[in-house]
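*Asks:* sequence plus predicted model, see below.
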Amino acid sequence: MGSDVVLLKRLRRLEGEPLMTSTTWLPADLCPGLETADVSNRSLYELLSAEHHHTIVRGTRTLEALLADQALAALLETRKGNPLVRLEILSYVASGRALEYSVAYHRGDRARFEFDVANTQSAPEEMA
């Protein structure tokens, strides 16, 4: 038996041009009222923290290069066959429960990604 989810579909623009489109699923019971929230000019993570008291503590990000199909090309105002970057996100809160599953498509000619990396394990002792 499945649970109710809130579905967010967004088209984000930069300097008037479409930059990316995303589809996000969140558990409705963890985010009551989210379906009516205005997330057009607000960070989803900031909203989840401020209004629902959820902080994402871990997750996975999967990055993949692909070519635009006709539907994505039309939505992102680019040509079919142009490069896109697909970013899949699965994020969890401290309890271990999944809070967000999201798939985004970014125009390859306008995207730039930066990743912060932290080592969560102890560093090996230096050799003497």
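*Replies:* Thanks, I have the structure now.
*Asks:* quick one, longest helix in this protein?
*Replies:* Counting by DSSP state H, the longest helix found in the chain is helix 44-52.
*Asks:* any buried residues in it, and which?
*Replies:* Of the residues in helix 44-52, those with enough neighbours to count as buried (16 or more other Cβ atoms under 10 Å) are Leu44, Leu47, Leu48, His52. Quick note: C-beta positions are derived from backbone N, CA and C, even for glycine.
*Asks:* mind giving me the packing neighbours of it?
*Replies:* Applying 3 or more Cβ pairs under 8 Å, 6 or more residues apart in numbering; DSSP states H and E, we find helix 44-52 packed against strand 98-107.
*Asks:* may I see the buried residues of the strand it packs on?
*Replies:* Leu99, Glu100, Tyr101, Ser102, Ala104, Tyr105, His106, Arg107.
*Asks:* please name the bridge partners of the third one.
*Replies:* For Tyr101, the beta-bridge assignment (DSSP bridges) gives partners Trp25, Leu90.
*Asks:* residue contacts, it?
*Replies:* Counting by Cβ atoms under 8 Å, 6 or more residues apart in numbering, Tyr101 touches Thr24, Trp25, Leu26, Ile89, Leu90.
*Asks:* ranking helices and strands of this protein by mean pLDDT, which lands last?
*Replies:* Sorting the helices and strands of the chain by mean pLDDT, DSSP states H and E puts helix 44-52 at the bottom, at a mean of 87.
*Asks:* send me that one as PDB with only the CA atoms.
*Replies:* Taking Å, rounded to 0.1, in the frame of the first residue of the first chain, the C-alpha atoms of helix 44-52 are listed here in PDB:
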ATOM      1  CA  LEU A  44      12.600  24.000  -1.300                       C
ATOM      2  CA  TYR A  45      15.100  22.900   1.400                       C
ATOM      3  CA  GLU A  46      14.800  26.300   3.100                       C
ATOM      4  CA  LEU A  47      11.000  25.900   3.100                       C
ATOM      5  CA  LEU A  48      11.200  22.300   4.400                       C
ATOM      6  CA  SER A  49      13.500  23.500   7.200                       C
ATOM      7  CA  ALA A  50      11.600  26.700   8.200                       C
ATOM      8  CA  GLU A  51       8.000  25.500   7.900                       C
ATOM      9  CA  HIS A  52       8.200  21.700   8.400                       C
END
